[in-house]
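> quick one, fold the following:
(2 chains)
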There are 2 protein chains.
Amino acid sequence: MTKITVAKELKILKEPVWEKIQKYLPRKEPKEHYAMIREYPSRQGKYFRPALVLLSAEMFGGDMEKALLTAAAMQTSEDWMLIHDDWQDGSEERRSTPDEYKPALHRIFGNELAVNAGDALHVIMWKILGDNVRLLGNKTGWKVYDKFVDILMKTTEGQYLELSWIRNNRISLTEKEYYRMIYAKAGYYTVTGPLQLGAIVAGALDSEIRKIAEWGVPFGCAFQLWDDVMNLTIESHIQGKEIAGDILEGKRTLALIHLLGKCTITEKAYITSIYSKPRERKTEEEKDYVLNLMRRYGSIKYCKHIAWNYSILAKIIFDENTSHLPDTNAKHIIRECIDFVVNRWR
Amino acid sequence: MTKITVAKELKILKEPVWEKIQKYLPRKEPKEHYAMIREYPSRQGKYFRPALVLLSAEMFGGDMEKALLTAAAMQTSEDWMLIHDDWQDGSEERRSTPDEYKPALHRIFGNELAVNAGDALHVIMWKILGDNVRLLGNKTGWKVYDKFVDILMKTTEGQYLELSWIRNNRISLTEKEYYRMIYAKAGYYTVTGPLQLGAIVAGALDSEIRKIAEWGVPFGCAFQLWDDVMNLTIESHIQGKEIAGDILEGKRTLALIHLLGKCTITEKAYITSIYSKPRERKTEEEKDYVLNLMRRYGSIKYCKHIAWNYSILAKIIFDENTSHLPDTNAKHIIRECIDFVVNRWR
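Have a look, this model is predicted:
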């Protein structure tokens, strides 16, 4: 299965999830408030997380149809968190459909109103989850519900770590600290969580659900590492999207950790001074300086390799852990997804 | 029953609710994140909203004990919203126990981390509500759950209105616009919502639950109007709390609307120029200028009278609507609360 096929599959799976979500996005007064609430859901993105929910449900012998509301809640969690995240990170843009970038919500409506719209979307997510318990019945429904509590709390922990490094001006992190953060935000939230949710809907055994983490976490880390690589790579930058926004935002990435471990003392001092400045005070030249050092010291290449390694590891464990499951289409696509995340350019 | 008795009753009702809430506030890693999550719940405040939940449950013939988790969720909703609210309003302080003010959360940890802690507390609130459905059983439990969705969505609408006036620099509001906002934020969220939640737990009829709004909304509006009066009045300012913070924050209050309707064109132009400035650019002299005009034109007195009128109206309707309910202690205290909110000074 090729890269194009995974992208196509994601597109197919998006439709029924989006249909569910739309039912929860009212058009009413105050009009602008509800328009803000609808904005990020309408921009859609790849729907990678809800697709994992659906595919995992099918792989574990369940019915995709039954997992649609769970998938809808998963995507809605992504959307409200992105509103808050974009403001917290000082991001300028957020992907729109199809291959286009638009200003982030807080850049259009201001920080306060955007965060308030995010809160409203957060409430809507729990409305979906409440309906979902009633749809799935008490046993499975509450398992999904409790899993969401768990996933979201973990995600706020990862968010705390990332934001506190920036606030406390901590530049030199250990790899261990970095992995602890992406374990929460990507390993668990982006991949393991959605996969486990699908398995819960399918009625998988608790032991099976737990074991998903064994390949889900390296899969999710590969996803995040590759996201960071794309941010630093010109090939992935479609119109309107700036390159190396992560450097401007002061994101602590593995590439930065690698660079700081390789560069000279003088370079390190300069990088540190650049990272201590808020986004609006960083110049294009300073961004290019860091980016070029990352290129020169092979930091981007290093991240690529680590991402690929994680992907390979995830596939090996995936094959072992899922060998007892029938060879369904869903199983194939999930396996392809593990490749896909470290081979995409947008 | 005197004012002191209501304050004492609130204190008594606080204990078992706080006991429940504490069980949902873990102490774990990352330590600072969870310390932030615990901060506002620990500062407590009056517990007016959860007390209304409990009292209403008893008034409608239910068991207070059964309403404790609902009350805990109500207070937790207040706490996560206040974190976001304080940042959105640019508030400097937040009440602590007993009669003391401390810096608002975002003033201690920065805006981004504070909002993230608020999100985590929001998730914890839904964890409580999920447990509550399982405690109360599907029929009553889901009614409480759905009511929360409704209350919180309405509250984000009110918050939208208030924030959008400030963002769009709209100073001259109609009274109708103002009442639409406080209907959502106080009439419904602070009073009618909690009362209805208690009634739901008690198993009251849908028609009874609906009718609570008839006296709950004027009761809630009286509460809010009096809050605004206290903000502008020296008697209510205990140590560490600044007077007329609402003017500095640019809050659109009934006192402001009244003042703008009474003052001269020149004064109006000056007031408008003061309100268009962000908090940090307003001077103490400018604040005092507006405050003194409000005193001179009787705007604060006007708000007091309106608050008292609403309170009287609420009591009349309360007496009529609850005449069929037995004369319980809870019923007496709720009636006293309607007086209490427009006679308190802190």
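
> spell out which residues of the stretch 1-150 of chain A are next to chain B.
A:29-30, A:32-33, A:81, A:84, A:87-88, A:109-110, A:112-113, A:115-117, A:119-120, A:122-124, A:126-127, A:129-130, A:133-134, A:138, A:142, A:145-146, A:149 (CB under 8 Å from any CB of the partner chain). Where you see a C-beta, it was placed from the backbone N, CA and C, and this is true even at glycine.

> and the stretch 151-300 of chain A, by the same measure?
A:152, A:153, A:156, A:157, A:159, A:160, A:161, A:163, A:164, A:166, A:167.

> 7 Å - rerun?
A:152, A:153, A:156, A:157, A:159, A:160, A:161, A:163, A:164, A:167 (CB under 7 Å from any CB of the partner chain).

> my read: the first one touches residue B:125, true?
No: distance between residue A:152 and residue B:125: 11.6 Å, which falls outside the contact criterion (CB atoms under 7 Å).

> just give me the residue right at the centre of chain A.
With distances taken as CA atoms, centre = their mean, the residue of chain A nearest its centroid is residue A:190 (4.8 Å).

> now do the contacts for it.
A:49, A:220, A:223 (CB atoms under 7 Å, 6 or more residues apart in numbering or on different chains).

> name the residues that touch stretch A:78-93?
By CB under 7 Å, 6+ apart, stretch A:78-93 touches A:40-41, A:49, A:94, A:101-107, A:111, A:114-115, A:117-118, A:121-122, A:125, A:155, A:163, A:240-241, A:245, A:249, A:279, B:112, B:115-116, B:119.

> just checking, residue A:102 is part of a strand?
Yes: under DSSP: H, G, I helix; E, B strand; the rest coil, residue A:102 sits within a strand.

> who's the closest residue in space to it that isn't next to it in sequence bridged to?
Spatial nearest neighbour of residue A:102, excluding adjacent residues (CB to CB, 6 or more residues apart in numbering or on different chains): residue A:96 at 4.3 Å. Assessed by DSSP bridges, residue A:96 has beta-bridge partners residue A:100.

> quick check: residue A:104 vs chain B, distance?
14 Å (CB to the nearest CB, to the nearest Å).

> just the contacts of stretch A:78-93: which are in helices?
A:40-41, A:49, A:105-107, A:111, A:114-115, A:117-118, A:121-122, A:125, A:155, A:163, A:245, B:112, B:115-116, B:119 (DSSP state H).

> pull out the buried members of those.
A:40-41, A:49, A:105-107, A:111, A:114-115, A:117-118, A:121-122, A:125, A:155, A:163, A:245, B:112, B:115-116, B:119 (16 or more other CB atoms under 10 Å in any protein chain shown).

> picking up where we left off before, and the residues of the stretch 1-150 of chain A next to chain B, which of them are buried?
Using 16+ other CB under 10 Å, the buried ones in these are A:30, A:33, A:81, A:84, A:87-88, A:109-110, A:112-113, A:115-117, A:119-120, A:122-124, A:126-127, A:129-130, A:133, A:142, A:145, A:149.

> my guess is residue A:195 contacts residue A:56. True?
Yes: in this structure, residue A:195 is within contact of residue A:56 by CB under 7 Å, at 4.4 Å.

> burial count for residue A:206?
10 (other CB atoms under 10 Å in any protein chain shown).

> typo on my end, residue A:24
18.

> gap between it and residue B:8?
Distance of residue A:24 to residue B:8, computed by CB to CB, to the nearest Å: 44 Å.

> and if you look at residue A:45?
54 Å.

> give me the pLDDT for the residue nearest to the centre of chain A.
Residue A:190 is assigned a predicted lDDT (pLDDT) of 97.

> same question, the one 10 residues further on
According to the prediction, residue A:200 has pLDDT 98.

> cool, and residue A:65?
98.

> how about it: what's its closest non-neighbour residue?
Here the residue nearest residue A:65, using CB to CB, 6+ apart, is residue A:16, at 8.0 Å.

> ok now the host helix or strand of the one you found, how far from the chain's centre?
Here residue A:16 is covered by helix A:3-22, with elements defined by DSSP states H and E. Relative to its parent chain, helix A:3-22 has a centroid offset of 16 Å by CA atoms, centre = their mean, to the nearest Å.

> would you map the strands across chain A?
A:93-96, A:100-103 (DSSP state E).

> just name the most buried of those.
Mean neighbour count (mean count of other CB atoms under 10 Å in any protein chain shown) peaks for strand A:93-96 among the strands of chain A, with a mean of 18.

> starting at the chain centroid, how far to it?
14 Å.

> follow-up on the earlier one: pick out whichever of residue A:45 and residue B:8 has more residues nearby.
residue A:45 (18 against 12).

> thought that one was touching residue A:99?
No: counting by CB under 7 Å, residue A:45 does not reach residue A:99; the two are 11.2 Å apart.
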